[in-house]
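> fold the following, please.
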Amino acid sequence: MKSPARRFTLVMLAISAAFVGALVLLNWCIDPSDRFGNNRLGVYVVADREVKRTEVVRFPHDALYTGNSRMHAIPASRLNGFRFFNGAFPASHAEEMYWFLHHYAQREQLVVIGIDMGAQDLPFVEGDIFRSGDWAGCASQLVNLKTVEYSFKTLFSHWAGKPGHYFADGSSTVADWGNAEKADDPAAGMVRLEESKNITASLLRQVPFRFSFFRKIAETLRERGIPCVVVMPPLHEEIVRHLEALHLQRECQAWVDGVRAIFPNVVNLTTSPDGAAGNFYARDPVHFKAEVGIRFMNEEVVPFALKVVGDHRK
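Numbering: from 1, shown residues only. Okay, the predicted model is just below:
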């Protein structure tokens, strides 16, 4: 006969297991970050990497582009020539782009890669964050109070009729990189601009440049027969002037030549008229406005890419 203490312990264990199990089931079914592909209510949290790894295999597309937040802010549905998937991530870097393309660039007619001036390998290796079978990572998401919070946020946001943060093509639903409804703050913008000046100059001084993951990207796409076009997005004109004042023109050209040696098809817009200050947000001069990205993609990159793809088919 079981003692009262033992019965109480078993009952409490059963209640605890049922409670945890219910939360795990809630997180699995709601899937607030779309990590498991179960989300049907919309994603209302910041989950760029989770969403894009799930939706890139669902969304019918014949081309994709990747890069950092500057490319991420360009809406795929506004681009001509191909049916694009937006595979860019805020704060993305060469290694991360490689692993994303390694897993998800398979039969596309075209891949466009946005590479900022000075970009190269990180001084350390992060590893493949897109690998499948990461059971520990999955478990940590399911048995997690923050995920429970996000699950309820998803439910309430959906019931309130709010739009999710992402379109099916991977693009953000938040207009103009979140700046559309925010007042410009020139003082904060100047701080960001100074930071960007210093970071860009610092990267260009890191000779020899570390391009191992760019080489891996080029090799992977070449083996799969996927044409690739690199776009070097416009720099804010103040950054260009800063680099010139530091006499870093030679380093800039060496970096461009290094990238071009890996990716022969390059559209270099770093010093184009699109770098005019008015094309960037006053409160966030690191990011050009969405319309600027749409314009240079449709007027510069896509026409060049169509020629590249046409030559590849011959």
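
> spit out the contact partners of the nearest residue to residue 300 once chain neighbours are set aside.
Spatial nearest neighbour of residue 300, excluding adjacent residues (CB to CB, 6 or more residues apart in numbering): residue 267 at 5.5 Å. Where you see a C-beta, it was placed from the backbone N, CA and C, and this is true even at glycine. Shown in contact with residue 267 (CB atoms under 8 Å, 6 or more residues apart in numbering): 229-232, 300-301, 304.

> most neighbours, which of these?
The most crowded member of the contacts of residue 267 is residue 231, carrying 26 neighbours; neighbours defined as other CB atoms under 10 Å.

> got the contact list for that residue?
112-115, 266-267, 269, 296-297, 300-301.

> continuing past the helix or strand of the chain with the lowest mean pLDDT, what's the next helix or strand?
Least confident helix or strand, the chain: helix 135-142 with a mean of 69, by mean pLDDT, DSSP states H and E. Downstream of helix 135-142, the first helix or strand assigned by DSSP states H and E is helix 145-159.

> what comes into contact with the next helix or strand after that following helix?
Following helix 145-159 in sequence order, the next helix or strand is helix 186-204 (DSSP H and E). The contact list for helix 186-204 (CB under 8 Å, 6+ apart) reads 116-120, 235-236, 238-239, 242-243, 246, 248, 251-252, 255, 281-286.

> which of the residues you listed fall within strands?
Among the contacts of helix 186-204, none falls in strands (DSSP state E).

> go through the contacts of residue 267 and name the one nearest residue 167.
Residue 167 lies nearest to residue 301 out of these, by CB to CB, at 20.2 Å.

> so which helix or strand takes in residue 85?
Counting by DSSP H and E, residue 85 is part of strand 84-86.

> run the chain-centre distance for that strand.
11 Å (CA atoms, centre = their mean, to the nearest Å).

> just the C-alphas of the next helix or strand after that strand, formatted as CSV.
Next along the chain after strand 84-86, taking DSSP H and E as the criterion, comes helix 94-104. The C-alpha trace of helix 94-104 is given here as CSV (Å, rounded to 0.1, in the frame of the first residue of the first chain):
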residue,chain,number,x,y,z
ALA,A,94,29.5,35.7,-44.7
GLU,A,95,29.4,32.5,-42.7
GLU,A,96,25.6,32.7,-42.0
MET,A,97,24.9,33.5,-45.7
TYR,A,98,27.0,30.4,-46.7
TRP,A,99,25.0,28.0,-44.5
PHE,A,100,21.7,29.4,-45.6
LEU,A,101,22.6,29.0,-49.3
HIS,A,102,24.2,25.6,-48.6
HIS,A,103,20.9,24.3,-47.3
TYR,A,104,18.3,26.2,-49.3
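
> parallel or antiparallel, list what pairs with the helix or strand following helix 94-104.
Downstream of helix 94-104, the next assigned helix or strand under DSSP H and E is strand 110-114. Here strand 110-114 is paired, per DSSP bridges, with strand 63-66 (parallel), strand 228-232 (parallel).

> could I get those strands as TSV with mean pLDDT and distance to residue 56?
Shown next, in TSV, are the strands paired with strand 110-114 (pLDDT from 0 to 100; distance: least, CB to CB, whole Å):
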stretch	mean pLDDT	distance to residue 56
strand 63-66	97	7
strand 228-232	98	17
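
> of those strands, which approaches residue 132 most closely?
It's strand 63-66; of the strands paired with strand 110-114, that one is closest to residue 132 (CB to CB) at 19.0 Å.

> tell me the buried residues in the closest one?
Using 16 or more other CB atoms under 10 Å as the test for burial, strand 63-66 gives 63-66.

> same question for stretch 212-229.
Result for stretch 212-229 [16+ other CB under 10 Å]: buried residues 213-214, 216-218, 220-221, 226-229.

> same deal with stretch 196-216?
Buried-residue list, stretch 196-216, by 16+ other CB under 10 Å: 196-197, 200-201, 203-204, 209, 211, 213-214, 216.

> how long is that stretch from one end to the other?
End-to-end distance for stretch 196-216, by CA to CA, to the nearest Å: 27 Å.

> pLDDT averaged over that stretch - what is it?
The average pLDDT within stretch 196-216 is 95.

> cool, stretch 75-90 as well?
Stretch 75-90 comes out at a mean pLDDT of 96.

> buried stuff in it?
75-76, 79, 81-90.

> now do stretch 156-168
So, applying 16+ other CB under 10 Å, buried residues of stretch 156-168: 157-158, 164-167.

> ok now that stretch, how far from the chain's centre?
20 Å.
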